[in-house]
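**Q** can't give you the sequence, but here's the structure:
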């Protein structure tokens, strides 16, 4: 302990006694991350430009990745030796507990298959979400949204608990991490967070009923050989002025890196012109079939 800035005493043995544990301060997670980041950079890691929580290091033919969420850390690599070396280096500064192969991280379950592929799912997270919504025993349904469903902000049948609506819809957004098929329908219910109606809550319940029958579904990450070329393929579509209120379109896209789906989204457009959607489609088409 050292005397804090702004309070100095000639007696250097005097320090401040904390009335609150260090993890109670708002700046504690930031300070922890800054210290961990500094240690990783000293070890030769670089910060990803896409995600400040992702660090990577490249050797001659090997790569090492470290993903950080507060004090939960994933380390993956193309060389087992380098992973253990990094863990040993960090252990000299931090107290680490090694939990073995990754099987659960932030609500995402990871299953290692015999062929080397990974299966990502959120079955436990979905069960907890259904319990929160009091729909754990509801009857399952095959689709998250009816094809003829048209939502509007106009109406007087306001949902009685808007905070609860926002809580469930926000949780559904996190479920799209391993469930791309509900991204469009979740985007729709997110458009009415300010004043949700009972009709909006009906669609939320339909999404939850769909998840009820498909809790075990998820994403598969397939391994590829070092010699195989990875193509980046993009798909894009839009519902063409589907919103009956403002005639704006909701567009969606997904990108495959080799055989694996790596990112996807659904968003409402800012303009009502058809040309903007066509421009977005052309830009993604140009990206498709590109080699990494």
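**A** Thanks, I have it. The structure displayed is predicted, hence computed values, not measured ones.
**Q** which residue ranges of this protein form strands?
**A** Assigned by DSSP state E, the strands in the chain fall at 46-47, 54-58, 63-69, 72-77, 104-105, 108-112, 118-121, 218-221, 231-238, 250-257, 260-268, 290-291.
**Q** just send those strands back as CSV, with mean pLDDT, distance to residue 174 and mean neighbour count too.
**A** The way it works is simple: take the backbone N, C-alpha and C, and place the C-beta from them, glycine included. Shown next, in CSV, are those (pLDDT from 0 to 100; distance: least, C-beta to C-beta, whole Å; neighbours: other C-beta atoms under 10 Å):
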stretch, mean pLDDT, distance to residue 174, mean neighbour count
strand 46-47, 90, 24, 13
strand 54-58, 88, 18, 16
strand 63-69, 88, 13, 17
strand 72-77, 85, 16, 15
strand 104-105, 88, 13, 12
strand 108-112, 91, 9, 15
strand 118-121, 92, 13, 17
strand 218-221, 91, 14, 16
strand 231-238, 89, 23, 17
strand 250-257, 90, 18, 18
strand 260-268, 89, 14, 15
strand 290-291, 38, 30, 9
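**Q** those strands: which one's closest to residue 184?
**A** Among the strands of the chain, strand 260-268 comes nearest to residue 184, with 4.6 Å by C-beta to C-beta.
**Q** same for the closest one, what does it pack against?
**A** Helices and strands touching strand 260-268, by 3 or more C-beta pairs under 8 Å, 6 or more residues apart in numbering; DSSP states H and E, are helix 183-190, strand 218-221, strand 250-257.
**Q** swap in 6 Å and give it another go.
**A** In terms of contacts (3 or more C-beta pairs under 6 Å, 6 or more residues apart in numbering; DSSP states H and E), strand 260-268 is packed against helix 183-190, strand 250-257.
**Q** need the contact partners of it.
**A** Outside strand 260-268, the residues that touch it by C-beta atoms under 6 Å, 6 or more residues apart in numbering are 180, 183, 184, 187, 221, 222, 248, 250, 252, 254, 255.
**Q** okay if I get the strands of the chain as TSV plus distance to residue 155?
**A** Output for these, formatted as TSV (distance: least, C-beta to C-beta, whole Å):
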stretch	distance to residue 155
strand 46-47	47
strand 54-58	44
strand 63-69	40
strand 72-77	43
strand 104-105	41
strand 108-112	37
strand 118-121	36
strand 218-221	36
strand 231-238	26
strand 250-257	20
strand 260-268	19
strand 290-291	46
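**Q** give the bridge partners for the closest residue in space to residue 73 that isn't next to it in sequence, please.
**A** Sequence neighbours aside, residue 66 is the residue nearest to residue 73 in space, at 6.4 Å (criterion: C-beta to C-beta, 6 or more residues apart in numbering). Note on residue 66: beta-bridge partners residue 55, residue 75, judged by DSSP bridges.
**Q** in this structure residue 66 contacts residue 54, no?
**A** No. Here residue 66 does not reach residue 54: they are 7.5 Å apart, not a contact under C-beta atoms under 6 Å.
**Q** which residues of the stretch 151-292 of the chain score low on pLDDT?
**A** Along the stretch 151-292 of the chain, the model assigns pLDDT under 70 to residues 226, 271-292.
**Q** go again with 50.
**A** 272-273, 286-292 (pLDDT under 50).
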